[in-house]
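> predicted model, plus sequence, below.
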Amino acid sequence: MSISALIIARNEELKIENTLKSLDFVDEIVVILDRSEDKTNQKSEKYTKKIYEGSWCSEGNRRNYGLSKCNSDWILEIDADEVISSKLADEIKKKIEVRNIDFYYIPLTNYIGSKKIINGWIACLAPDGKFCLFKQKTKSWMDGSVHPKYILRGKKGEKFKNSIDHFMSKDLSELLIRFNRNTSLYAYDLKKENTNLKKYFSVRKIFSRFFKSYISRKGFKQGGLGFLIGVLCAIYPYVSAIKSKYD
């Protein structure tokens, strides 16, 4: 079974080479550059000729375009700040040989700088795993500017033991930049869809999201950083709604 690695990137010259180096086990690498203005292209050219540039407002459309450029039996959808360890690579190669399985969920280990942050995550900031390994034509993305929904078809395989290393933010400042960017993109979607914002201003919802992050997902184990992550996850819908109304 052959594997295509699909990377969607925009101005990732400082991170993408570590990702590309970790993909030496795949049969082809496809890189989609969205409005990239730095040296991401030049970095990518060392590892693949399949580089496509364009401009997409919708993350879903951008990812579907990338899927259409992959030619292998299986697709590994990976971001430019993620790295595949040799143990995970070996596990991927074994998993795709299992019969009658169409897609897999792979855990993520999120890092802020060199610090591994295991607990407290909600997908608005960083997921703790994703369905990113799948057969051709089993996954399709829906419209959306940030974290859009997707459709998976077929049978799910067993969860992976090894995880993807996700170097999401070099420090707290970059984490806050990520929060600001994602809430702005989500606000755009809310405005475009003319969403009723009433539920987003619910104080109860804010507290329930904080409880989910800090207590249910054990963010308290990460100390002060876990508390900050809980707060950001809690106010994410509220800030997005405010931006959609007033920006």
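Received it, and whenever you're ready, just let me know what you need. Small disclaimer: the values here were computed from a predicted structure and weren't measured. Residues are numbered from 1 along each chain as shown.
> helix or strand for residue 187, which one?
Element membership for residue 187 (DSSP states H and E) is helix 172-192.
> for that helix, packing partners?
strand 164-169, helix 224-246 (3 or more CB pairs under 8 Å, 6 or more residues apart in numbering; DSSP states H and E). C-betas here are computed from N, CA, C, even on glycine.
> check which residues of it are buried.
Burial within helix 172-192, assessed by neighbour count using 16 or more other CB atoms under 10 Å, is assigned to 175, 178-179, 182-191.
> want to throw these into TSV with distance to residue 77 and pLDDT?
Formatted as TSV, these follow (distance: CB to CB, whole Å; pLDDT from 0 to 100):
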residue	distance to residue 77	pLDDT
175	23	96
178	19	94
179	23	97
182	18	95
183	24	96
184	24	95
185	19	93
186	21	94
187	25	94
188	23	92
189	21	92
190	25	93
191	28	91
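> which pair of those residues spans the longest distance?
Using CB to CB, the two most remote members of the buried residues of helix 172-192 are 175 and 191, lying 24.9 Å apart.
> follow-up on the earlier one: out of the buried residues of helix 172-192, who's nearest residue 219?
Comparing the buried residues of helix 172-192 against residue 219 with CB to CB picks out residue 175 as the nearest, at 13.6 Å.
> next SSE after the helix holding residue 187?
Once the chain leaves helix 172-192, the next helix or strand it forms, by DSSP H and E, is helix 203-211.
> please tell me the pLDDT value assigned to the residue sitting nearest the centre point of the chain.
For the chain, the residue nearest the mean C-alpha position is residue 79 (6.2 Å; CA atoms, centre = their mean). Per-residue pLDDT puts residue 79 at 96.
> if I look at it, how far off is residue 179?
Distance of residue 79 to residue 179, computed by CB to CB, to the nearest Å: 17 Å.
> again, but for residue 80
Applying CB to CB, the value for residue 80 to residue 179 is 19 Å.
> now residue 74
33 Å.
> show me the beta-bridge partners of residue 31.
Beta-bridge pairing of residue 31, defined through DSSP bridges, involves residue 7, residue 51.
> in the chain, where's the longest strand?
Counting by DSSP state E, the longest strand found in the chain is strand 103-112.
> flag every buried residue along that strand.
Neighbour-count burial for strand 103-112 flags 103, 104, 106, 107, 108, 109, 110, 111, 112 (criterion: 16+ other CB under 10 Å).
> so how far is residue 63 from residue 163?
For residue 163, the distance to residue 63 - CB to CB - is 21 Å.
> more neighbours: which of these two?
Taking other CB atoms under 10 Å, residue 163 and residue 63 do not tie; residue 63 has more neighbours (22 against 18).
> which residues touch that one?
Going by CB atoms under 8 Å, 6 or more residues apart in numbering, residue 63 touches 6, 8, 32, 77, 141, 148.
> got CSV for those residues, with neighbour count too?
CSV is the format used below for the contacts of residue 63 (neighbours: other CB atoms under 10 Å):
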residue, neighbour count
6, 23
8, 20
32, 22
77, 24
141, 20
148, 17
